[in-house]
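Q: I'd like to go over a predicted model; first the sequence, then the structure.
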Amino acid sequence: MDVTPEQRHFDEVIAADSRIEPRDWMPEAYRKTLIRQISQHAHSEIIGMQPEANWITRAPSLKRKAILMAKVQDEAGHGLYLYSAAQTLGITRDAMTDALLAGKARYSSIFNYPTPTWADMGAIGWLVDGAAICNQVPLCRASYGPYGRAMVRICKEESFHQRQGFEILLELMNGTPAQREMAQDAVDRWYWPSLMMFGPPDDDSPNSAQSMAWNIKRFSNDELRNRFVEMLVPQAEALGIVLPDPELTLDTDGKVAHMSEIDWTEFHEVLAGNGPCNAQRIQHRRQAHEDGAWVREAAAAYAAKRASARGASEVAA
Ligand code: FAQ
């Protein structure tokens, strides 16, 4: 089959492990894959503000409240960088938001679980941000320039988030028996869902092979999931927390030798919209979108006014 010069250039850039930029020609399937992944990622950051926002008004001290508020604001910022990166692929922010609200676009399964105790803030930071870092550090080298560059800053902030989660758990583990129990209970509830964040097992991951061939994904879902568990084991020991997998063993090199089977039925149920909080999360997002309509209208009216004032001054000059 004849290869067009544009396709040849694209193939050469990928083979050289260089970057594709918005001005470059790219295959339609590459563009669509990136829009799917980046927009899902952006939606995850925005929906991911909800479980933690639940605790801003009830944080146990002013210091904890300020830290949590800053973290939740960081997630909003991550969403905005990612929406901007996706927009360079020719999709509008409105179209992405409409797809989310219509249930056509996904967001990470992890954000469909409730946060009943303060220890959940520690478990989210330690496990959810920890999983996010393992998954996202390789994405800093994604072949699409705007995505890779957005990920660099995001990963720096996620790294701080993970430490603050670890520190919340550490303080609870150094506290009363009730506090220790609360920390362990939160880890028991978040551990398995955090492993599901890496996606289905490799032999059930339809997008992985092509995304790896395009240098979007650098490692498979299972490789990253194992790397995450290997990172957690010594940290759990330092915390005095037990990871809720009695079958988990590492080999002498610290690599996962064996772990229990993940409950993939639960994962698919959450993806199908049947997780504990799916309906609540989307309803809340929809309400926020409707409540924010006046802000978008005001911003658009202001931009139009400035554009027309600029037009008038150019005519006068
Ligand atoms: N949840 O073929 P694959 C964060 C879907 S940000 C929902 O393996 P792929 C920060 C997948 O879309 C967390 N859906 O797919 C934070 C596909 O469906 P589709 C978000 C999932 O794309 C912390 C189907 O299953 N991070 O945590 C999930 O090659 C604290 C088949 O899967 C990112 O988005 C899932 N867990 O690999 C914020 C990272 N897993 O679209 C607040 C970027 C899979 O064909 C508080 N994304 N699916 O209908 C990625 O690295 C990849 O997209 C994967 C999935 C690894 C998530």
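A: Right, received. Where do you want to start?
Q: Looking at the residue in the stretch 1-150 of the chain positioned nearest to the ligand now. What's its pLDDT?
A: Closest residue of the stretch 1-150 of the chain to the ligand, CB to the nearest ligand atom: Gly48 (2.8 Å). No exception for glycine: its C-beta is placed from N, CA and C like everyone else's. Note on Gly48: pLDDT of 98.
Q: try the one 4 residues further on
A: Per-residue confidence at Glu52 stands at 97 (pLDDT).
Q: same deal with Met1?
A: pLDDT, Met1: 66.
Q: which intervals of this structure have sub-threshold pLDDT?
A: 1 (pLDDT under 70).
Q: rewinding a little: could you give the number of residues near the spatially closest residue to the residue of the stretch 1-150 of the chain closest to the ligand that is not a sequence neighbour?
A: Sequence neighbours aside, Phe111 is the residue nearest to Gly48 in space, at 4.8 Å (criterion: CB to CB, 6 or more residues apart in numbering). Neighbourhood size, Phe111 [other CB atoms under 10 Å]: 25.
Q: Tell me where this protein has strands.
A: Secondary structure of the chain (DSSP state E): strands at 249-250, 256-258.
Q: Would you check that the residue nearest to Gly48 makes contact with Ile46?
A: No - if you go by CB atoms under 8 Å, Phe111 and Ile46 don't touch, sitting 9.5 Å apart.
Q: tell me the contacts of Phe111?
A: Phe111 makes contacts with 44, 47-48, 50-51, 277, 281, as judged by CB atoms under 8 Å, 6 or more residues apart in numbering.
Q: make that His78, sorry
A: Taking CB under 8 Å, 6+ apart, we find His78 in contact with 42, 45, 150, 154, 157.
Q: 7 Å instead, please
A: By CB atoms under 7 Å, 6 or more residues apart in numbering, His78 lies in contact with 45, 154.
Q: now the one 5 residues further on
A: Applying CB under 7 Å, 6+ apart, one finds that Tyr83 lies in contact with 42, 93, 96.
Q: Now, those residues that are in helices?
A: Those of the contacts of Tyr83 mapping onto helices are 42, 93, 96, per DSSP state H.
Q: what's the neighbour count on the residue nearest to the last one when sequence neighbours are not counted?
A: Taking CB to CB, 6+ apart as the measure, Met96 lies nearest to Ser39, with 4.6 Å between them; neighbours along the chain are not counted. Summarising burial for Ser39: neighbours were counted as other CB under 10 Å, giving 26.
Q: Next: Ala70.
A: For Ala70, the count of nearby residues is 13 (other CB under 10 Å).
Q: likewise Gly122?
A: Around Gly122 there are 27 residues (other CB under 10 Å).
Q: Does it touch Gln164 like I think?
A: No - between Gly122 and Gln164 there is no contact under CB atoms under 7 Å: 8.5 Å.
Q: Would you mind listing what in the protein touches the ligand?
A: Proximity of the chain to the ligand (CB under 6 Å from any ligand atom) is limited to residues 36-37, 40-41, 44-45, 48, 75, 106, 108-109, 124, 128-129, 132, 135-136, 196-200, 205-208, 211, 217, 221, 271.
Q: Return the subset of those lying in helices.
A: Taking DSSP H as the definition of helices, the residues of the chain next to the ligand contribute 36-37, 40-41, 44-45, 75, 132, 135-136, 196, 208, 211, 221.
Q: picking up where we left off before, just the buried residues out of the ones in helices among the contacts of Tyr83, in PyMOL syntax.
A: Buried residues among these (16 or more other CB atoms under 10 Å), as a PyMOL selection:
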select buried, resi 42+96
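Q: can I get the ones in helices among the contacts of Tyr83 in CSV with distance to Tyr191?
A: Putting the ones in helices among the contacts of Tyr83 into CSV (distance: CB to CB, whole Å) gives the following:
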residue, distance to Tyr191
Ala42, 26
Arg93, 34
Met96, 31
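Q: Pull the number of nearby residues for Glu28.
A: 7.
Q: typed the wrong thing, it's Arg23
A: Residues near Arg23, counting by other CB under 10 Å, number 7.
Q: now it: how far from Thr4?
A: 17 Å (CB to CB, to the nearest Å).
Q: What count of nearby residues applies to the nearest residue to Ser143 once chain neighbours are set aside?
A: Nearest non-adjacent residue to Ser143, counting by CB to CB, 6+ apart: Asn215, 3.9 Å away. Counted with other CB under 10 Å, the neighbours of Asn215 add up to 20.
Q: got the contact list for Asn215?
A: 14, 17, 142-143.
Q: With Gln7 instead?
A: Pro27.
Q: Then Glu269?
A: Per CB under 7 Å, 6+ apart, neighbours of Glu269: Gly275.
Q: still on that earlier bit, for the contacts of Asn215, give me JSON lines that also has neighbour count.
A: Formatted as JSON lines, these follow (neighbours: other CB atoms under 10 Å):
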{"residue": "Ile14", "neighbour count": "18"}
{"residue": "Asp17", "neighbour count": "9"}
{"residue": "Ala142", "neighbour count": "26"}
{"residue": "Ser143", "neighbour count": "22"}
